[in-house]
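Q: based on what follows, work out the 3D shape:
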Amino acid sequence: MSYLPYAVAAWICLVGIAGVATSRNLIHLAICLTVMQSSSYVLLLSVGYVKHGKAPIFKGTKLGTTAVDPVVQALTLTDIVVSVAVIALILGLALDAHRLSGTVDPDRLADISG
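A: Numbers count the residues shown, from 1 in each chain. Just a heads-up that it's a prediction; the model follows:
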């Protein structure tokens with residue numbers, strides 16, 4: 001068992017957290033959140049990985065053939081779809097904030113009323 005995929009997922013998440021902590025732009029913040037979300041893809045796929053496992057298509061294969069877990073792959077696809085919807089919402093809110101205040105700097109958005 002290799003711990004490298006888990007370390008890569010943790011590193012990607014830490015890079016995203018560092019970007020969120022230092023962000024001075026709502027668009028940059030949304031991109032950093034996307035990077036953090038991509039670490040969950042790596043983590044899910046590494047959990048479902050089976051060494052020498054084949055694709056989970058069992059038609060015409062011998063009984064007892066090693067395959068990767070299809071549930072984890074479905075969860076990863078669901079995670080991608082949810083991530084796209086959330087990032088679209090965040091970018092829409094950032095555009096609305098820019099329209100109302102003329103800036104995408106989170107520190108200067110406190111002046112918006114209504």
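
Q: show me where the chain has its helices.
A: For the chain, applying DSSP state H gives helices covering 4-22, 26-47, 70-101.

Q: so which of the ones you listed is nearest Gly64?
A: helix 70-101 (16.6 Å; CB to CB). Where you see a C-beta, it was placed from the backbone N, CA and C, and this is true even at glycine.

Q: what residues of that closest one count as buried?
A: Residues of helix 70-101 classed as buried: 72, 75-76, 79, 83, 90, 94, 97 (neighbour count, 16 or more other CB atoms under 10 Å).

Q: just put the residues you listed in TSV and tack on pLDDT.
A: As requested, the buried residues of helix 70-101 are arranged in TSV below (pLDDT from 0 to 100):
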residue	pLDDT
Val72	89
Leu75	92
Thr76	92
Asp79	92
Ser83	94
Ile90	93
Ala94	91
Ala97	87
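
Q: in JSON lines, list the residues you listed along with distance to Ser39.
A: Formatted as JSON lines, those follow (distance: CB to CB, whole Å):
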{"residue": "Val72", "distance to Ser39": "15"}
{"residue": "Leu75", "distance to Ser39": "14"}
{"residue": "Thr76", "distance to Ser39": "12"}
{"residue": "Asp79", "distance to Ser39": "11"}
{"residue": "Ser83", "distance to Ser39": "11"}
{"residue": "Ile90", "distance to Ser39": "17"}
{"residue": "Ala94", "distance to Ser39": "22"}
{"residue": "Ala97", "distance to Ser39": "26"}
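
Q: would TSV of the helices of the chain with distance to Pro56 be doable?
A: Output for the helices of the chain, formatted as TSV (distance: least, CB to CB, whole Å):
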stretch	distance to Pro56
helix 4-22	19
helix 26-47	13
helix 70-101	4
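
Q: may I ask which two of the buried residues of helix 70-101 are separated the most?
A: Using CB to CB, these span at most 36.6 Å, a distance reached by Val72 and Ala97.

Q: nothing else from me, thank you.
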